[in-house]
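Asks: Predicted structure and sequence below. I'll ask about it afterward.
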Number of protein chains: 2
Amino acid sequence: MDVSAILYSLVGYIIQLSETMKGKLYGVSVGPGSPDLMTLRSKRILEGCDVIGYPVKRSGERSTALSITESVIRLEGRDVREFVFSMDPDDSVRREHEGVAITELISILEKGMDVALIALGDVGVYSTYMYVDRAIRDAGFETEIVPGVNSFSHGASLAGVPLMLGDEGFCVIPMAKGDESRLEMALDSFENIVVMKAFKSIRRIAELMDAHGIPRECAFVMSNVGMDDEYIGLMDTDRDYGYFTTVLIKKESMR
Amino acid sequence: MDVSAILYSLVGYIIQLSETMKGKLYGVSVGPGSPDLMTLRSKRILEGCDVIGYPVKRSGERSTALSITESVIRLEGRDVREFVFSMDPDDSVRREHEGVAITELISILEKGMDVALIALGDVGVYSTYMYVDRAIRDAGFETEIVPGVNSFSHGASLAGVPLMLGDEGFCVIPMAKGDESRLEMALDSFENIVVMKAFKSIRRIAELMDAHGIPRECAFVMSNVGMDDEYIGLMDTDRDYGYFTTVLIKKESMR
């Protein structure tokens, strides 16, 4: 074996070692609100990782995902860090914050530390984490998505109804931008409809249900579940609702 | 206080006591396949209940939900019982089995024993349990639905993609009866589509995607996840798929 061959395999070994020593990013679902709806896997990863990160829209903001986490595992002595993901309407402001967060994550991972970013509900359902996951993977690090119980499965269980049965269809529509045509199509074509981000649109949803001949008692509202102003019950258009408001409309199956 | 008043409150007390002494039925989601995707709540209820029931289509059948359960908790010395819920096309055969199961459940609950009926994935998603829950509640017993991680959240996490992002819609369509018109509508109107019970329809789904101008690389197949013939990957129309086959079509967001 000549010297160049020895050097070559040594370099290969060092590259392999540095790959192994890189940290891993986990996107950890903590469930929809009740701490015991966290999975065994999420608990284990949160107990074993080096850094627990929680996303906020503004620095210093309270995090429901963090409250859930500290109800399940001890955070004393742990490295817990805030990551700001702005919801500013200005795209460049959002990108700037995302850039800062990703740079910090990469610097942690480069040191060989594992990071768990926590997400409320299921991380696959409308979570910013997925953009971060892609960016960190593109930067050459390993990532893992840890699924969880989503908010609409939780809401349906609290209302005592199935999400869907038999040959029924099911759909989820976000109302943030007030996209009514899609909701109208869904009211005609699906037996089970979840309307998310509905807190400003309850009266409008009720009107559209009237127009499509769907009785109002087909709609459950699940609002700020697990918080002080929680509401779970039939749709009441005279009430005000919190930010996390979801409507479940069940046209045909048991309700 | 006269004798009739004493008797009256005594009778009230006895009624209250007998209510309290009745058992409770739990519909317990055990998650989509990996034992550690069970929630802390499901684990606690399964550890504490008097009877664990598992549903089968035919007596003696293997139960995936039971395999998951015994990976998480010790079943030695526990009262574990099979409940047959037939999938016979004949309605009267199905009703007869359901009647037998519900009669047995009621006799257990009458003795003051708590029963946990286990369900694969999330009990709110296409689970027979919901019919049982309604019948047992109608018979005057307390029930509780314990939500879990569903199979499509799990599948998306394995594929490394979100179920939905931003303002995207999402829908679930069962293909059992080959209802193509609903799938065609969904292909036009939703960014994210889950087709369940798709094992016989993969080629037809691919043809419909072609017809609606959706590239085939937008479709992931998740088949028999956690079993020996598991397949998770891009849609391959030349392959045969197992019974538990789900297709996730992502038209726009990251995939």
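Replies: Noted; the coordinates are in hand. Numbering: from 1, shown residues only, chains lettered A, B, ... in the order given.

Asks: hmm, stretch A:214-229 touching chain B?
Replies: No. Using Cβ under 8 Å from any Cβ of the partner chain, stretch A:214-229 stays clear of chain B, with a minimum separation of 11.6 Å. C-beta: built from backbone N, CA, C; applies to glycine.

Asks: Which residues does that stretch contact?
Replies: The contact list for stretch A:214-229 (Cβ atoms under 8 Å, 6 or more residues apart in numbering or on different chains) reads A:32-34, A:64, A:151-152, A:154-155, A:158-159, A:161, A:187, A:198-199, A:202, A:205-206, A:209-210, A:230-236, A:241-251, A:255.

Asks: can we see that at 7 Å?
Replies: With Cβ atoms under 7 Å, 6 or more residues apart in numbering or on different chains as the test, stretch A:214-229 has contacts from A:32-34, A:154-155, A:158-159, A:187, A:202, A:206, A:209, A:230-235, A:241-242, A:244-251, A:255.

Asks: Is A:Val172 in a helix, a strand, or coil?
Replies: strand (DSSP: H, G, I helix; E, B strand; the rest coil).

Asks: and A:Met21, how far is that from B:Val149?
Replies: Using Cβ to Cβ, to the nearest Å, we find A:Met21 at a distance of 31 Å from B:Val149.

Asks: Please compare the two by neighbour count and tell me which comes out ahead.
Replies: B:Val149 (33 against 10; other Cβ atoms under 10 Å in any protein chain shown).

Asks: ok, now which ones touch A:Leu66?
Replies: Counting by Cβ under 7 Å, 6+ apart, A:Leu66 has contacts A:54, A:118.

Asks: can you give me the strands in chain A?
Replies: Under the criterion DSSP state E, chain A contains strands at A:24-29, A:51-56, A:79-84, A:115-119, A:142-146, A:170-174, A:192-196, A:219-223, A:231-234, A:245-250.

Asks: Any chance of JSON lines for those, columns mean neighbour count and mean pLDDT?
Replies: Below are the strands of chain A laid out as JSON lines (neighbours: other Cβ atoms under 10 Å in any protein chain shown; pLDDT from 0 to 100):
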{"stretch": "strand A:24-29", "mean neighbour count": "27", "mean pLDDT": "98"}
{"stretch": "strand A:51-56", "mean neighbour count": "21", "mean pLDDT": "97"}
{"stretch": "strand A:79-84", "mean neighbour count": "16", "mean pLDDT": "97"}
{"stretch": "strand A:115-119", "mean neighbour count": "27", "mean pLDDT": "98"}
{"stretch": "strand A:142-146", "mean neighbour count": "20", "mean pLDDT": "97"}
{"stretch": "strand A:170-174", "mean neighbour count": "25", "mean pLDDT": "94"}
{"stretch": "strand A:192-196", "mean neighbour count": "25", "mean pLDDT": "95"}
{"stretch": "strand A:219-223", "mean neighbour count": "24", "mean pLDDT": "92"}
{"stretch": "strand A:231-234", "mean neighbour count": "14", "mean pLDDT": "89"}
{"stretch": "strand A:245-250", "mean neighbour count": "24", "mean pLDDT": "93"}
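
Asks: Could I get those in a markdown table, plus columns for distance to B:Glu82?
Replies: Shown next, in a markdown table, are those (distance: least, Cβ to Cβ, whole Å):
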| stretch | distance to B:Glu82 |
| --- | --- |
| strand A:24-29 | 32 |
| strand A:51-56 | 42 |
| strand A:79-84 | 46 |
| strand A:115-119 | 38 |
| strand A:142-146 | 32 |
| strand A:170-174 | 29 |
| strand A:192-196 | 30 |
| strand A:219-223 | 34 |
| strand A:231-234 | 34 |
| strand A:245-250 | 31 |
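
Asks: Quick check: which of these is nearest to B:Arg74?
Replies: Each of those has some distance to B:Arg74 by Cβ to Cβ; the shortest is strand A:142-146, at 25.4 Å.

Asks: For the closest one, C-alpha coordinates in PDB please.
Replies: Written as PDB, here are the backbone C-alpha positions of strand A:142-146 (Å, rounded to 0.1, in the frame of the first residue of the first chain):
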ATOM      1  CA  GLU A 142     -30.100  14.800   8.300                       C
ATOM      2  CA  THR A 143     -33.600  15.600   9.400                       C
ATOM      3  CA  GLU A 144     -36.600  13.600  10.700                       C
ATOM      4  CA  ILE A 145     -40.300  14.400  10.800                       C
ATOM      5  CA  VAL A 146     -42.100  13.100  13.800                       C
END
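
Asks: Against which helices or strands is that strand packed?
Replies: Strand A:142-146 sits against strand A:24-29, helix A:40-48, helix A:129-138, with contacts defined as 3 or more Cβ pairs under 7 Å, 6 or more residues apart in numbering or on different chains; DSSP states H and E.

Asks: buried sites along the longest one?
Replies: When you say that, I think you mean helix A:129-138. A:129-133, A:135-136 (16 or more other Cβ atoms under 10 Å in any protein chain shown).

Asks: will you turn those residues into a markdown table that also has distance to B:Tyr8 and pLDDT?
Replies: Shown next, in a markdown table, are these (distance: Cβ to Cβ, whole Å; pLDDT from 0 to 100):
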| residue | distance to B:Tyr8 | pLDDT |
| --- | --- | --- |
| A:Tyr129 | 60 | 95 |
| A:Met130 | 62 | 93 |
| A:Tyr131 | 66 | 92 |
| A:Val132 | 65 | 96 |
| A:Asp133 | 65 | 96 |
| A:Ala135 | 71 | 96 |
| A:Ile136 | 69 | 97 |
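
Asks: and which of these is nearest chain B?
Replies: Within the buried residues of helix A:129-138, the smallest distance to chain B is 4.1 Å, found for A:Met130 (Cβ to the nearest Cβ).

Asks: about what we covered before: can you tell me which of the buried residues of helix A:129-138 lies nearest to A:Pro89?
Replies: Ranked by distance to A:Pro89 (Cβ to Cβ), these are led by A:Tyr131 at 16.9 Å.

Asks: and that closest one, what does it touch?
Replies: A:Glu98.

Asks: what sits up against stretch A:153-162?
Replies: A:32-33, A:37, A:163, A:220, A:222, A:225, A:232, A:246, A:248, A:250, A:253-255, B:122, B:124, B:127, B:130, B:145-147, B:150.

Asks: Now with 8 Å, please.
Replies: Taking Cβ under 8 Å, 6+ apart as the rule, stretch A:153-162 contacts A:31-34, A:37, A:121, A:163, A:220, A:222, A:225, A:232, A:246, A:248, A:250, A:253-255, B:122-127, B:130, B:133, B:137, B:143, B:145-148, B:150.

Asks: what's the answer for stretch A:166-179, then?
Replies: Applying Cβ under 8 Å, 6+ apart, the external contacts of stretch A:166-179 come out as A:125-126, A:152, A:163-164, A:182-183, A:186, A:189-198, A:200-201, A:204-205, A:252-253, B:126, B:164, B:167-174, B:176-177, B:179, B:182, B:190.

Asks: now that stretch, how far from the centre of its chain.
Replies: Distance, stretch centre to chain centre, for stretch A:166-179: 17 Å (Cα atoms, centre = their mean, to the nearest Å).

Asks: Flag the shaky bits of chain A, pLDDT-wise.
Replies: A:1, A:14-20, A:176-178, A:253-255 (pLDDT under 70).

Asks: in stretch A:159-166, what counts as buried?
Replies: A:159-165.

Asks: any chance of these in a markdown table, plus distance to B:Ile106?
Replies: Shown next, in a markdown table, are the buried residues of stretch A:159-166 (distance: Cβ to Cβ, whole Å):
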| residue | distance to B:Ile106 |
| --- | --- |
| A:Ala159 | 24 |
| A:Gly160 | 19 |
| A:Val161 | 22 |
| A:Pro162 | 21 |
| A:Leu163 | 26 |
| A:Met164 | 27 |
| A:Leu165 | 22 |
